[in-house]
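1. Fold the following and give me the result.
(chains A, B, C and D)
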2 protein chains.
Amino acid sequence: MVTLLSEMTTLSEEEKHAIEDSFPIKTYEKGTYLMKQGEVARNAYYVIAGCLREFELIDGEEKTTAFYTEEQSAINFNSLVNQCPSKRNFICEELTTVAILNGEKEQQLYKKFPRFESFCRSGTEQMMGAGQEQLAEFITLKPEQRYLKILQERPDLINRVPQYHLASYLGIKPESLSRIRKRIALND
Amino acid sequence: MVTLLSEMTTLSEEEKHAIEDSFPIKTYEKGTYLMKQGEVARNAYYVIAGCLREFELIDGEEKTTAFYTEEQSAINFNSLVNQCPSKRNFICEELTTVAILNGEKEQQLYKKFPRFESFCRSGTEQMMGAGQEQLAEFITLKPEQRYLKILQERPDLINRVPQYHLASYLGIKPESLSRIRKRIALND
DNA sequence: TTACTTTCTTGACTTTAGTCAATGAAATCC
DNA sequence: GGATTTCATTGACTAAAGTCAAGAAAGTAA
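-> Model prediction:
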């Protein structure tokens, strides 16, 4: 939680401690589910170390919709905010350490520390910004371009998650990603 | 702004009026740009009547990334929050009436009316939820399924915007959407 | 109504992705 | 270290999307 708190420049030390105490830190084995589709989310997760993968199981096939690594927040907003069943799963791709942010506690902290609510509003706006850019990229780019973009922006992922999960995250099949990589290797 | 305010159940009448006064309502001709790529966003727009289209111009081609209709907010969070150039445009697809929410005024209102910040945090969380679901759908669905989904969830759009804009919003070419529609018409 | 422009559809062909099956490479497990 | 499982690549084929060009249909304006 070091990085998260260091960003809370608007908060006093007292506030930081009170908030920090509300969010336990836990470490989970690879393969552990932090959220299963059909369940209603009660927590948000902030990844301190490791990697979470978000996916949807459709017709026996895992469709990866996100990877969350160090300093990123894994949150299913729709499920958490509206208390409706999640369509997607969170699974640990590695041994992963997360800060667990309980939704109800968060509401209480908003009342206690208004500046914490400011902090979270701002954080959500940042996430919203990143989310919009990501959706726009997905709409405007072809799979090959999307792969090149990930290669640039999240090179860590390539050596961290199996290619077939990366493929489904790009919206294509593993065989196609393999061929895209071959095309790229030839054309330079 | 009727609908927006009616949802502000947590705000007093006094607060509502003060807030409402800060956000002028204007009507624009079809074809008017409310935001051009390269500019830095200063406003958010809440659509009262009409339709805004968000698009990116790439190699002379307009790639549509969103449609905003009645009761939806058109906001480029990345540009507005981080004050960086927008990659995308907002254009009126019809004669369109919007409430203009100035970013700086919003910050001032947060200080004056803490409940307004609560209201906005909650609203952004809702948008984030919808945005995540949309991205997940785009990753997991094929163009044909995406089209069927829009047909269900936003049937108004079909008679409101030209098909070639809808096509680019689905990430495909107009010819392909035309053929998808033909396939669907045959198979039932 | 006619003329003009814009949008949509269709046809022929190319490119890319999906499918299924086989093989190779790499990681994991006694 | 060898056996087994998991993952990545390749080949042959099918299906879907892209491209380019030609018309048809719909919308707009004089």
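2. Could you pick out the residues of chain A near DNA strand C for me?
-> By the rule C-beta under 7 Å from any atom of the strand, the part of chain A lying against DNA strand C is A:142-144, A:171-173, A:175-176, A:179-180. The C-beta positions use only the backbone N, C-alpha and C, and glycine is treated the same way.
3. Quick one: name the residues of chain A near chain B.
-> Contact residues, chain A versus chain B (C-beta under 8 Å from any C-beta of the partner chain): A:56, A:58, A:63-65, A:76-79, A:81-82, A:87-88, A:110, A:114, A:117-118, A:120-122, A:124-136, A:138-140, A:168-169, A:171.
4. can you rerun that using 6 Å?
-> Proximity of chain A to chain B is confined to A:56, A:63, A:65, A:77-78, A:81, A:114, A:121, A:124-125, A:128-129, A:131-133, A:135-136, A:138-140, A:171 under the rule C-beta under 6 Å from any C-beta of the partner chain.
5. about what we covered before: which ones among the residues of chain A next to DNA strand C lie within helices?
-> The members of these that map onto helices under DSSP state H are A:143-144, A:175-176, A:179-180.
6. For those residues, which single residue is the most surrounded?
-> Counting neighbours by other C-beta atoms under 10 Å in any protein chain shown, residue A:180 leads these with 20 neighbours.
7. and that one, what does it touch?
-> Contacts for residue A:180 (C-beta atoms under 6 Å, 6 or more residues apart in numbering or on different chains) come out as A:144, A:147.
8. how near is it to chain B?
-> Remark: distance between residue A:180 and chain B (C-beta to the nearest C-beta, to the nearest Å) = 16 Å.
9. Distance-wise, check the closest residue in space to residue A:83 that isn't next to it in sequence relative to DNA strand C.
-> Leaving aside its sequence neighbours, residue A:83 sits nearest to residue A:40 (C-beta to C-beta, 6 or more residues apart in numbering or on different chains; 5.4 Å). Using C-beta to the nearest atom of the strand, to the nearest Å, residue A:40 is found at 31 Å from DNA strand C.
10. Tell me who's in contact with residue A:87.
-> Residues in contact with residue A:87 (C-beta under 6 Å, 6+ apart) are A:37, A:56.
11. burial count for the residue nearest to residue A:83?
-> Residue A:40 has 14 neighbours, counted by other C-beta under 10 Å.
12. and it, bridged to which residues?
-> Applying DSSP bridges to residue A:40 gives these bridge partners: residue A:85.
13. quick one: pLDDT of it?
-> Note for residue A:40: predicted pLDDT of 98.
14. Check residue A:188 too.
-> pLDDT, residue A:188: 62.
15. now swap in residue A:22 and tell me
-> pLDDT, read off for residue A:22, is 81.
16. Look up which helix or strand the closest residue to it other than its chain neighbours falls in, please.
-> Among residues not flanking residue A:22 along the chain, residue A:105 sits closest, at 4.8 Å (C-beta to C-beta, 6+ apart). Taking DSSP states H and E as the definition, residue A:105 sits inside helix A:103-112.
17. Which neighbouring elements make contact with that helix?
-> With contacts defined as 3 or more C-beta pairs under 6 Å, 6 or more residues apart in numbering or on different chains; DSSP states H and E, helix A:103-112 has no helix or strand neighbours.
18. Can you check what angle separates the following helix or strand past it from helix B:103-112?
-> Once the chain leaves helix A:103-112, the next helix or strand it forms, by DSSP H and E, is helix A:114-140. Comparing the axes of helix A:114-140 and helix B:103-112 via axes from the mean of the first three to the mean of the last three C-alpha atoms, to 10 degrees yields an angle of 150 degrees.
19. which other helices and strands contact helix A:114-140?
-> Partner elements for helix A:114-140 (3+ C-beta pairs under 6 Å, 6+ apart): strand B:61-69, helix B:77-82, helix B:114-140.
20. right, and the ones you listed - which one's nearest DNA strand D?
-> Nearest of those to DNA strand D, taken as C-beta to the nearest atom of the strand: strand B:61-69 at 8.4 Å.
21. ok, that closest one: who's next to it in the sheet?
-> With DSSP bridges as the test, strand B:61-69 pairs up with strand B:51-58 (antiparallel).
22. Might you report the residue contacts of the nearest residue to residue A:72 once chain neighbours are set aside?
-> Nearest residue to residue A:72, sequence neighbours excluded (C-beta to C-beta, 6+ apart): residue A:47, at 5.4 Å. Contact analysis of residue A:47 by C-beta under 6 Å, 6+ apart lists A:68, A:70, A:72, A:98.
23. what's the answer for residue A:182, then?
-> Not one residue lies near residue A:182 by C-beta under 6 Å, 6+ apart.
24. So it: helix, strand or coil?
-> helix (DSSP: H, G, I helix; E, B strand; the rest coil).
25. do you know how far it is from chain B?
-> Separation of residue A:182 from chain B (C-beta to the nearest C-beta): 23 Å.
26. Measure how buried the residue of chain A found nearest DNA strand D is and give me the count.
-> With C-beta to the nearest atom of the strand, the shortest gap between chain A and DNA strand D falls at residue A:163, namely 3.0 Å. By other C-beta under 10 Å, 12 other residues sit near residue A:163.
27. Next one, pLDDT for it please.
-> 97.
28. Report the contact partners of it.
-> When contacts are counted by C-beta under 6 Å, 6+ apart, residue A:163 touches residue A:177.
29. try 8 Å this time
-> Contact analysis of residue A:163 by C-beta atoms under 8 Å, 6 or more residues apart in numbering or on different chains lists A:174, A:177-178.
30. Residue A:117 too?
-> With contact set as C-beta under 8 Å, 6+ apart, residue A:117 has these partners: A:109-110, B:114, B:117-118, B:121.
31. can you check residue A:135 too?
-> By C-beta under 8 Å, 6+ apart, the neighbours of residue A:135 are B:65, B:131, B:134-135, B:138.
32. mind putting these in JSON lines, pLDDT included?
-> Shown next, in JSON lines, are the contacts of residue A:135 (pLDDT from 0 to 100):
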{"residue": "B:65", "pLDDT": "98"}
{"residue": "B:131", "pLDDT": "98"}
{"residue": "B:134", "pLDDT": "98"}
{"residue": "B:135", "pLDDT": "98"}
{"residue": "B:138", "pLDDT": "97"}
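33. Thank you kindly, that will do.
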